[in-house]
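In: heads up, no residue letters with this:
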């Protein structure tokens, strides 16, 4: 469990891990980054349970912390968990059974997003909707089978060591890249919809935008590195950003009279994808995916384009210029650094 500034979520996350009923010895290894919200002190208190081991992660990078935790682990199966999520009862036992049944190297289930506030619940609805995050299996899939990636994941340690653990040069999307190497090495990555993990999204609009911008930027970096290994769905948000930008340019030219007559009419075709997207968001917000009540629907109207445009703009920046030292600052204030 990589941990940074998770005072409000850590205790419950740890409780759901320790409550897993597994036929055999278990341990929880917390890769603890330098936190400023009391998380370090809370982790120390929780470590009074002798099943918990704390390893330092001074760089505060997720893949570095994960690798340190894996190297410190004693057992042959690695269950990746997150401080912003909660395992459902029986999760680990079912995952281990699936791992053996289908002879997979990594098994994951459904990311079941939830929220405590109207805004967070709106983000959760977007996570759980194919319109929100593009329809990846772990965002609500119901069909068991081989998968491109796995949310969190229950993994065979020997396979992880064979493929080289997590790539420490990747700060976001490290799980997708690891699963790509696992699949290219000839092993199975498997989705089991009977497995579910509750995930708590970001609590404010600014944090959500920062998170999605960083994630999009790293997806752009992964496209630079792996090209067609990336799913087509990753290209929808940047296409939306480009069409919106083109629409604004055409509108400015039409208003200034540069584009007039039949040329101006013909150029108006660029508005159609943007209008179609806006109508789609409105339909989702007014339908079951928008929640109940006007407040829920207004938050949905704000959340969906915020996620898509932040991710898409970040993606374009990553493709054109790379991700370099970009980090997710959504839990760190305004600084582009994971360190206090």
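Out: Yep, that arrived. What you see is a predicted model; the values in this text were computed from it and never measured.

In: what segments of the stretch 151-300 of the chain are strands?
Out: 154-156, 189-199 (DSSP state E, counting those that start in this stretch).

In: so what are the sheet partners of the longest one and their directions?
Out: Looking at strand 189-199 with DSSP bridges, its partner strands are strand 85-87 (antiparallel), strand 106-113 (parallel), strand 145-146 (antiparallel).

In: so where do the strands sit in the stretch 1-150 of the chain?
Out: For the stretch 1-150 of the chain, the strands defined by DSSP E, counting those that start in this stretch occupy 2-3, 28-32, 52-56, 77-79, 85-87, 106-113, 145-146.

In: now the ones you listed as JSON lines including mean neighbour count, distance to residue 202 and mean pLDDT?
Out: Just so you know, the C-beta spots here come from the backbone N, C-alpha and C atoms, and that holds for glycine as well. Shown next, in JSON lines, are the strands of the stretch 1-150 of the chain (neighbours: other Cβ atoms under 10 Å; distance: least, Cβ to Cβ, whole Å; pLDDT from 0 to 100):
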{"stretch": "strand 2-3", "mean neighbour count": "25", "distance to residue 202": "16", "mean pLDDT": "95"}
{"stretch": "strand 28-32", "mean neighbour count": "24", "distance to residue 202": "21", "mean pLDDT": "97"}
{"stretch": "strand 52-56", "mean neighbour count": "16", "distance to residue 202": "25", "mean pLDDT": "97"}
{"stretch": "strand 77-79", "mean neighbour count": "19", "distance to residue 202": "24", "mean pLDDT": "97"}
{"stretch": "strand 85-87", "mean neighbour count": "23", "distance to residue 202": "13", "mean pLDDT": "94"}
{"stretch": "strand 106-113", "mean neighbour count": "25", "distance to residue 202": "11", "mean pLDDT": "94"}
{"stretch": "strand 145-146", "mean neighbour count": "12", "distance to residue 202": "30", "mean pLDDT": "94"}
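
In: between these, which one is closest to residue 280.
Out: Evaluated over these, closeness to residue 280 peaks at strand 106-113, with 20.0 Å, by Cβ to Cβ.

In: just to revisit the earlier point, ok, which of the strands of the stretch 1-150 of the chain comes nearest residue 254?
Out: Comparison of these against residue 254 by Cβ to Cβ identifies strand 106-113 as nearest, at 40.8 Å.

In: return the distance of the closest one from the chain's centre.
Out: Relative to its parent chain, strand 106-113 has a centroid offset of 11 Å by Cα atoms, centre = their mean, to the nearest Å.

In: before we move on, back to that, okay, the strands of the stretch 151-300 of the chain in JSON lines with mean neighbour count, distance to residue 164 and mean pLDDT next?
Out: Formatted as JSON lines, these follow (neighbours: other Cβ under 10 Å; distance: least, Cβ to Cβ, whole Å; pLDDT from 0 to 100):
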{"stretch": "strand 154-156", "mean neighbour count": "24", "distance to residue 164": "13", "mean pLDDT": "97"}
{"stretch": "strand 189-199", "mean neighbour count": "21", "distance to residue 164": "16", "mean pLDDT": "94"}
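
In: in CSV: the ones you listed, plus distance to residue 294.
Out: Listed next are those as CSV, based on distance: least, Cβ to Cβ, whole Å:
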stretch, distance to residue 294
strand 154-156, 41
strand 189-199, 26
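
In: stretch 34-51: end-to-end distance?
Out: In stretch 34-51, first residue to last residue: 22 Å (Cα to Cα, to the nearest Å).

In: residues of it that come out buried?
Out: Applying a neighbour-count criterion of 16 or more other Cβ atoms under 10 Å, one finds 34, 35, 39, 40, 42, 43, 46, 47 buried in stretch 34-51.

In: what's the average pLDDT for it?
Out: Across stretch 34-51, the average pLDDT comes to 94.

In: which residues touch that stretch?
Out: 3-7, 10-11, 14, 18, 26-28, 30, 32, 52-54, 58, 60, 339-340 (Cβ atoms under 8 Å, 6 or more residues apart in numbering).

In: rerun that using 6 Å as the cut-off
Out: 4-7, 10, 14, 27-28, 30, 32, 52, 54, 340 (Cβ atoms under 6 Å, 6 or more residues apart in numbering).

In: list the contacts of residue 319.
Out: Shown in contact with residue 319 (Cβ under 6 Å, 6+ apart): 220, 223.

In: that one is in what secondary structure piece?
Out: helix 293-321 (DSSP states H and E).

In: can you pull the contacts of residue 265?
Out: Contacts of residue 265 (Cβ under 6 Å, 6+ apart): none.

In: distance of it from residue 277?
Out: Residue 265 sits at a distance of 22 Å from residue 277 (criterion: Cβ to Cβ, to the nearest Å).
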